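[1] what follows is a predicted structure for the sequence shown.
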2 protein chains.
Amino acid sequence: MQVSTKFTIAIHLLAAVKYFGKDMKVTSQFLASSIGVNPVIVRNIMIQLQKADIIDVKRGPGGIVLKKPLSEITFLDVYNAVETNNDDLFRFHENPNPQCPVGRNIHHALDGQLNALQSDFEKDLSSHNLESVYESIVEANR
Amino acid sequence: MQVSTKFTIAIHLLAAVKYFGKDMKVTSQFLASSIGVNPVIVRNIMIQLQKADIIDVKRGPGGIVLKKPLSEITFLDVYNAVETNNDDLFRFHENPNPQCPVGRNIHHALDGQLNALQSDFEKDLSSHNLESVYESIVEANR
DNA sequence: TAAGATGTAATATAATATATGACATAGGAG
DNA sequence: CTCCTATGTCATATATTATATTACATCTTA
């Protein structure tokens, strides 16, 4: 399994909004060209980031605005905004045999540890924020 | 994204081998029935667990043997054995624009943190082992 | 040598990820 | 108030992955 590219695309998108936002109008078309994907992909991610209260999007003349400083946007915020399909990190096989002493109890025996692992992963994600990504890009262009 | 069911299937499999192995011959057919999946799925996972040096499989009369005590098999061992398609946890969008100051540097600006997150996740996985899963199943059947 | 189990190939299906064109609609700019 | 531009959204297409299944060759022990 892999985290989908929507995650890195969203981070790229947010860094680009911060980088270009003060000088020019940032559109989905422009972002799509910087990221290297179709504008519709960008628009869909924009919608997800809006729902997560991370950005504000104005229609008409267009314009994307960050609702928080990058230092307050964590990788977990972006991950949750974008990976909305399933809230369980681990997929469990669905038909363990209830007649079997192992099959009957495997779910209960595992769930606690799987949930703990998911919490750990989320905690790891929340310990990173977008400020350092942006800074690193600014640094590289100096 | 989600970790595939192969992960929980492999854990179920190993717990069942320990649980039943001393009293009876454990075959892929039997395991498939306990787990609730096709025997070929089980055999393929058996092959991956063999390659990872976790079990020994004898042909002919059949028979699966654990090569280590469950306490020495971590979730990371199982995860690595079974999730072999990609060794990167995060998939990166492939065509950031090299003409763009952000696109040109996003990879470098992110890679360090993504690798750190992967290491954290692997460390989390390695802090769990199969002994407690087995114990919990034994306990439930007492 | 026969039987039983694994190793493996071929194939089918469903779900997911990603890409793309088309167009209705909202909302500033003039 | 009208026009233009960019977003919101739909429909569809394609590739990849996950899972399921049948069939059979092959190995090993009894």
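    Yep, that arrived.
[2] strands of chain A, residue ranges please.
    A:55-57, A:64-66 (DSSP state E).
[3] which of the ones you listed sits closest to B:Ala10?
    Closest to B:Ala10 of the strands of chain A, according to CB to CB: strand A:55-57, at 40.6 Å. Heads up, the C-betas are built off the backbone N, CA and C, glycines and all.
[4] just checking: what are the partner strands of that closest one?
    For strand A:55-57, the paired strands and their directions (DSSP bridges) are strand A:64-66 (antiparallel).
[5] how about the partner strand and DNA strand C, any contact?
    No. Counting by CB under 7 Å from any atom of the strand, DNA strand C is not contacted by strand A:64-66; separation bottoms out at 11.8 Å.
[6] how about that strand, does it get close to DNA strand D?
    Yes. Applying CB under 7 Å from any atom of the strand, one finds strand A:64-66 touching DNA strand D at A:Ile64.
[7] again, but for stretch A:38-50
    Yes. Residues of stretch A:38-50 are located near DNA strand D by CB under 7 Å from any atom of the strand, namely A:Pro39, A:Val40, A:Arg43, A:Asn44, A:Met46, A:Ile47, A:Gln50.
[8] would you check how far apart the first one and A:Phe30 are?
    Distance, A:Pro39 to A:Phe30, by CB to CB, to the nearest Å: 9 Å.
[9] A:Ala140 too?
    20 Å.
[10] mind checking which of these two has more residues around it?
    A:Phe30 (18 against 14; other CB atoms under 10 Å in any protein chain shown).
[11] name the nearest residue to the more buried one, ignoring sequence neighbours.
    A:Phe20 (7.6 Å; CB to CB, 6 or more residues apart in numbering or on different chains).
[12] what's the neighbour count on the one you found?
    A:Phe20 - counted by other CB under 10 Å - has 18 other residues nearby.
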